[in-house]
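Visitor: sequence unknown, structure follows:
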């Protein structure tokens, strides 16, 4: 259980184009989805937190007009990198949080990641 | 919460030996901890978790130890195998708030 998928797994695009990445929780309903960015040999950097039906909460320094997040349902969130530039090339990972056992603490399950290469 | 780290520390172990990966966490109010494994080019994979009311939890070939006094978490992997080679992250969670990830440790299993 608790499977999260991402699509596409790898995308190469030209500078100036927009790219949409989908994140789906396949066998559970996620109350919250998170989007992370990861540079080579570095830890995960949280970009934004998204709750279904409401606006995403962006971390400091993350441009919300650049990284558009839509959370249409309890099983789907999308990240759109608008007007992508080479410096946006990175590994983008989503996670979906479900309510855990007694105590209500959420557990995050991660997608496989999407590698974005902007030429 | 976010965590950014440069130059991941590396742990090299011989195949068949036990591995111990350490993590220091920052917030004494953290009440839940998770270890994740991330293989190259893939997303993090949940390994094992532990709540703050416990000091040890065992899984299949893995054991997590929690020392709240010194805010230290460790992951022990028994009989390390080549497939265990990956980057391992700890995460500390405060109820209802974002996760904070450690910088990660790269485990290399030598033949």
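Guide: Yep, that arrived. Values in this document were obtained by computation on a predicted structure and should not be read as measured data.
Visitor: alpha carbons only for contacts and neighbour counts from here, please
Guide: Fine.
Visitor: residue B:78 contacts residue B:17, doesn't it?
Guide: Yes: shown here, residue B:78 and residue B:17 form a contact pair, counting by C-alpha atoms under 8 Å, at 6.9 Å.
Visitor: so which bits of chain A are right by chain B?
Guide: Selection of chain A residues close to chain B by C-alpha under 8 Å from any C-alpha of the partner chain yields A:41-46, A:93, A:104-106, A:109-113.
Visitor: tell me which helix or strand in chain B has the weakest average pLDDT.
Guide: strand B:99-101 (a mean of 77; mean pLDDT, DSSP states H and E).
Visitor: tell me which strands the next helix or strand after that strand pairs with, and in which orientation.
Guide: Counting by DSSP states H and E, the next helix or strand C-terminal to strand B:99-101 is strand B:105-110. The strands that strand B:105-110 pairs with in its sheet are strand B:10-14 (parallel), strand B:86-93 (antiparallel) (by DSSP bridges).
Visitor: nearest to chain A: which residue in chain B?
Guide: As assessed by C-alpha to the nearest C-alpha, chain A sits closest to residue B:43 within chain B, at 4.0 Å.
Visitor: mind checking the SS state of residue 40?
Guide: You didn't pick a chain, so chain A it is. coil (DSSP: H, G, I helix; E, B strand; the rest coil).
Visitor: you answered for a different chain; I wanted chain B.
Guide: Quick answer, by three-state DSSP: residue B:40 is coil.
Visitor: what of residue A:33?
Guide: At residue A:33 the chain is in strand, as set by three-state DSSP.
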